[in-house]
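> For reference, the sequence and a predicted model appear below.
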Amino acid sequence: MGRSYRIPLPALAAASLALVTLALVLVFYVAPNDASQGFSQRIFYFHVSIALTAYACFGAGAWKALRHLWKRDPRADLESYVAVHQGVIFGSLVLLTGSIWAKISWGHWWLWSEDELVLFLVLFLFYAAYFMLRFSVDPGPQRANFSAVYALFGVVLIPVSFLAIRIAKSFVHPQVFTLHGPNFGGWMLVTYCVAQIAMLVFAHTLYRVELVGKRIDARLRELRLG
Amino acid sequence: MSTAEKYVTAAYCVVFAVVLAYVVLIALKLHRLEREVDELERRRPPVPVAEDERETIHVG
């Protein structure tokens, strides 16, 4: 998010619409059926890309929080808050799409015995609690500092949640990426890459739209008080 | 439509519905902000124009 040059918001929105449409076409009309999971594997193109986008949003939120604490960047607090908000929205989508896939493959909406599911839920709830903390403190430097420290602590849970899929004892959760690279190739890999880029661009568009709204809101508050 | 196809469709519909709900919420918020800007504009006192600052124009 450079300050010197920014892609105009309408162009970003058009790019995300085009990329999401392309990803949907590839998912439903081009990508072949998976040999072991069949048609249900098509959920993964969006489920995995949404999950990695949620991690990216939480990571961005932590980065902005660090900038707030370290550089005292006046815009960083609001940017961190919006990034965490995006992460929670994408996180809820991960849980919903994951549950639907689990119902097809395991016959259950949720399994408490699976570490990777529980750890992602912990990560999601941790960031959901961020809003409770933020709105329990009056607006000002103290609220910004508390929120920044909390967002920074949360980032530790991201590698734990990501690695849990690899160290899961039962190996029930499919491993899309291994140390030797992705577990698929050809059109499946192309479809996944397009879906991943589409989700990242889409998340960035939503982030920018929400940030514009929040900044106008803050300025209006100042005008009313002044 | 097989069961797997139904569930996959449901998953993508859920994604669409959540994103749509989010966009609606953002649109409502922007609408509220627009109303507040209008209200602030109405409250603002009119700026007086000084006599000597008026532009002279020739009519006819």
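Noted; the coordinates are in hand.

> only C-alpha atoms for contact and neighbour calcs from this point on.
Will do.

> For chain A, which segments count as strands?
All strands of chain A, identified by DSSP state E, fall at A:177-178, A:181-182.

> I'd guessed B:A11 sits against A:V94; true?
No - contact criterion C-alpha atoms under 8 Å: B:A11 and A:V94 do not qualify, at 10.1 Å.

> so A:R208 makes contact with A:P8?
No - between A:R208 and A:P8 there is no contact under C-alpha under 8 Å: 9.9 Å.

> Tell me which of those two has more neighbours.
Neighbour count, other C-alpha atoms under 10 Å in any protein chain shown: between A:R208 and A:P8, A:R208 has more, with 20 against 10.

> so what's that one closest to, chain neighbours aside?
Leaving aside its chain neighbours, A:R208 sits nearest to A:L9 (7.4 Å; criterion: C-alpha to C-alpha, 6 or more residues apart in numbering or on different chains).

> A:H68 too?
A:A76 (5.2 Å).

> Isn't that neighbour up against A:A62?
No - using C-alpha under 8 Å as the test, A:A76 is too far from A:A62 to be in contact (10.1 Å).

> neighbour count winner among the two?
A side-by-side neighbour count of A:A76 and A:A62, using other C-alpha under 10 Å, places A:A62 first with 26 against 21.

> List the residues that contact that one.
A:80, A:148, A:151-152, A:154-155 (C-alpha atoms under 8 Å, 6 or more residues apart in numbering or on different chains).

> Low-confidence stretches in the chain?
No chain in the question, so chain A it is. A:1-5, A:165-181, A:183 (pLDDT under 70).

> that answer is for a different chain, and I need it for chain B
B:49-55, B:60.

> if you set the cut-off to 80 instead, what comes out?
Residue ranges of chain B with pLDDT under 80: B:1, B:44-60.

> Show me where it has its strands.
Under DSSP E, chain B gives no strands.

> what about A:L123, distance to A:G154?
7 Å (C-alpha to C-alpha, to the nearest Å).

> shared neighbours, the two?
Common neighbours of A:L123 and A:G154 are not found (criterion: C-alpha under 8 Å, 6+ apart).

> Of the two, give the one with the bigger neighbour count.
A:L123 (22 against 18).

> so the more buried one makes contact with A:L157?
Yes - contact status for A:L123 versus A:L157: in contact at 6.2 Å, counting by C-alpha under 8 Å.

> What are the boundaries of the helices in chain B?
All helices of chain B, identified by DSSP state H, fall at B:3-43.

> need the residues of it near chain A, please.
Proximity of chain B to chain A is confined to B:3-5, B:7-8, B:10-12, B:14-15, B:18, B:26, B:29-30, B:33, B:36-37, B:40 under the rule C-alpha under 8 Å from any C-alpha of the partner chain.

> Report the buried members of those residues.
Among the residues of chain B next to chain A, those scoring as buried are B:4, B:7-8, B:11-12, B:14-15, B:26, B:29-30, B:33, B:36-37 (criterion: 16 or more other C-alpha atoms under 10 Å in any protein chain shown).

> For chain B, see how far away the residue nearest the centre of chain A is.
The centroid of chain A falls nearest to A:A54 when counting by C-alpha atoms, centre = their mean (1.2 Å). Plainly put, A:A54 is 14 Å away from chain B if you go by C-alpha to the nearest C-alpha, to the nearest Å.

> Now do the contacts for that residue.
Contacts of A:A54 by C-alpha under 8 Å, 6+ apart are A:86-91.

> Over to A:V137?
Contact analysis of A:V137 by C-alpha under 8 Å, 6+ apart lists A:R143.

> again, but for the one 10 residues further on
When contacts are counted by C-alpha under 8 Å, 6+ apart, A:S147 is found next to A:65, A:77, A:81, A:130, A:133-134.

> if we go to 7 Å?
Under the criterion of C-alpha atoms under 7 Å, 6 or more residues apart in numbering or on different chains, the neighbours of A:S147 are A:130, A:134.

> so the longest helix belonging to chain A versus helix B:3-43, what angle?
What stands out as the longest helix in chain A, according to DSSP H, is helix A:186-225. Here helix A:186-225 points in a direction 20 degrees away from that of helix B:3-43 (axes from the mean of the first three to the mean of the last three C-alpha atoms, to 10 degrees).

> Okay, buried residues for helix A:186-225 please.
So, applying 16+ other C-alpha under 10 Å, buried residues of helix A:186-225: A:188, A:190-192, A:194-211, A:214, A:217, A:220.

> Quick one: residues in contact with stretch B:4-12.
For stretch B:4-12, contacts defined as C-alpha under 7 Å, 6+ apart pick out A:39-40, A:42-43, A:97, A:100, A:104.
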